[in-house]
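In: One predicted model, sequence on top.
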Amino acid sequence: MTSILKTENVHLYYGEKEALHGFDIEFEQNEITALIGPSGCGKSTFLRCLNRMNDLRNNTTVTGSFKIGDQDIYAPTTDMTELRKEIGMVFQQPNPFPFSVYDNVAYGLRIAGVKDKKVLDEVVEKSLKQAAVWDEVKDDLNKNALSFSGGQQQRICIARVLAVKPKIILMDEPTSALDPISSAKIEDTLLELKKDFTIIIVTHNMQQASRIADKTAFMLNGDLIEYNKTSKMFLNPDKQQTSDYLNGEFG
Ligand SMILES: Nc1ncnc2c1ncn2[C@@H]1O[C@H](COP(=O)(O)OP(=O)(O)OP(=O)(O)O)[C@@H](O)[C@H]1O
């Protein structure tokens, strides 16, 4: 196993309030890691730290070490556009831009200056295929992405992230707004994608974590309580708090 992203002693403050209390975790390449825990425990906060989305919020202070390989994510020299290409993000609500499927998926490449139509065509097709939505949209690439179903929109958004070839994809409850069939399609897609990408996913759905995640991190009140192989965590967790949470005793 190869480590791809490592954080050490991460603290995050919203104003005076400390939301993360010294968080150490190491993510493995080509794995899916699930972040679980009760509402308000800091899952989204931690996820957003990984590609510096919290920088966009006023009054937020982050300390600690975040490294992708040797690169310090929080170094003053970090190019934010490059960082967010390397560490892409998919949100809870599908958020395609209000233009065509093609233009959504080509967006990142065009921003990067790619103009060659043949290259764009190839990447758009490959990304939509990787996101398992090509067959459903291939005859309507010029149609507005917002005219597709929620599940299709979410897979178009995944394709938009894949098109810029990220190393890591962050996902914040990407299926919670979707019906069970669309969710199952996304889960299948993620299992395929981990061959080429590393995925870190926040989920409230324990079955989803147990179905797709190689490792699971259980958080409580801004602390990492347990980080383990998913099978071990769900069958025989090391910590009593994990067991209580998984048994529905709180949260
Ligand atoms: N912008 C903000 N300003 C102040 N406090 C915030 C802000 N965002 C989150 N918090 C607080 O930080 C803590 C962690 O919130 P976060 O949204 O990361 O939790 P979560 O585990 O993702 O929750 P959920 O599962 O409900 O999405 C909570 O106490 C929350 O109220």
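Out: Happy to help now that I have it. Computed from a predicted structure; not experimentally measured.
In: Next SSE downstream of the strand or helix carrying Gln207?
Out: Using DSSP states H and E, Gln207 sits within helix 206-212. Where DSSP H and E defines the elements, the next helix or strand beyond helix 206-212 is strand 215-220.
In: by contact count, what packs against that next one?
Out: Where contact means 3 or more CB pairs under 8 Å, 6 or more residues apart in numbering; DSSP states H and E, strand 215-220 is packed against strand 32-36, strand 223-229, helix 230-235, helix 240-246. Heads up, the C-betas are built off the backbone N, CA and C, glycines and all.
In: Apply 6 Å and report the result again.
Out: Under the contact criterion of 3 or more CB pairs under 6 Å, 6 or more residues apart in numbering; DSSP states H and E, strand 215-220 touches strand 32-36, strand 223-229.
In: what about the first one and the ligand, any contact?
Out: It stands for strand 32-36. No: Strand 32-36 lies out of reach of the ligand by CB under 6 Å from any ligand atom, never closer than 8.0 Å.
In: Which stretch among the helices and strands packed on strand 215-220 is buried most, on average?
Out: With neighbours taken as mean count of other CB atoms under 10 Å, the helices and strands packed on strand 215-220 reach their highest mean count in strand 32-36, at a mean of 26.
In: From the chain's centroid, how far away is it?
Out: Centroid displacement of strand 32-36 relative to its chain, using CA atoms, centre = their mean, to the nearest Å, is 9 Å.
In: gap between whichever helix or strand comes after it and the chain center?
Out: Once strand 32-36 ends, the next helix or strand along the chain (criterion: DSSP H and E) is helix 43-50. Centroid separation for helix 43-50 versus its chain: 10 Å, with CA atoms, centre = their mean.
In: what does the very next helix or strand once past helix 43-50 rub up against?
Out: Scanning forward in sequence from helix 43-50 by DSSP H and E, the next helix or strand is strand 60-68. Contacts to strand 60-68, defined as CB atoms under 6 Å, 6 or more residues apart in numbering, come from residues 5-14, 49, 54, 73-74.
In: Give the partner strands of strand 60-68 in its sheet and their orientations.
Out: strand 3-14 (antiparallel), strand 71-72 (antiparallel) (DSSP bridges).
In: If you count neighbours, what's buried in that strand?
Out: Thr60, Val62, Gly64, Phe66, Lys67, Ile68 (16 or more other CB atoms under 10 Å).
In: near the ligand, anything from it?
Out: No: on the criterion CB under 6 Å from any ligand atom, strand 60-68 is out of touch with the ligand, staying 6.9 Å away.
In: Give me the angle between that strand and helix 43-50.
Out: Orientation note: strand 60-68 sits at an angle of 60 degrees relative to helix 43-50 (axes from the mean of the first three to the mean of the last three CA atoms, to 10 degrees).
In: so Thr198 bridges to which residues?
Out: Thr198 forms beta bridges with Ile168, as assigned by DSSP bridges.
In: now His21
Out: The partner residues for His21, given DSSP bridges, come to His11.
In: now it: how far from Tyr13?
Out: Plainly put, His21 is 10 Å away from Tyr13 if you go by CB to CB, to the nearest Å.
In: cool, Lys215 as well?
Out: 27 Å.
In: With neighbour numbers in mind, choose between those two.
Out: Remark: of Lys215 and Tyr13, Lys215 carries more neighbours, 22 against 14, as counted by other CB atoms under 10 Å.
In: tell me the pLDDT at that one?
Out: Lys215 carries a pLDDT value of 98.
In: Please apply the same query to Pro96.
Out: 97.
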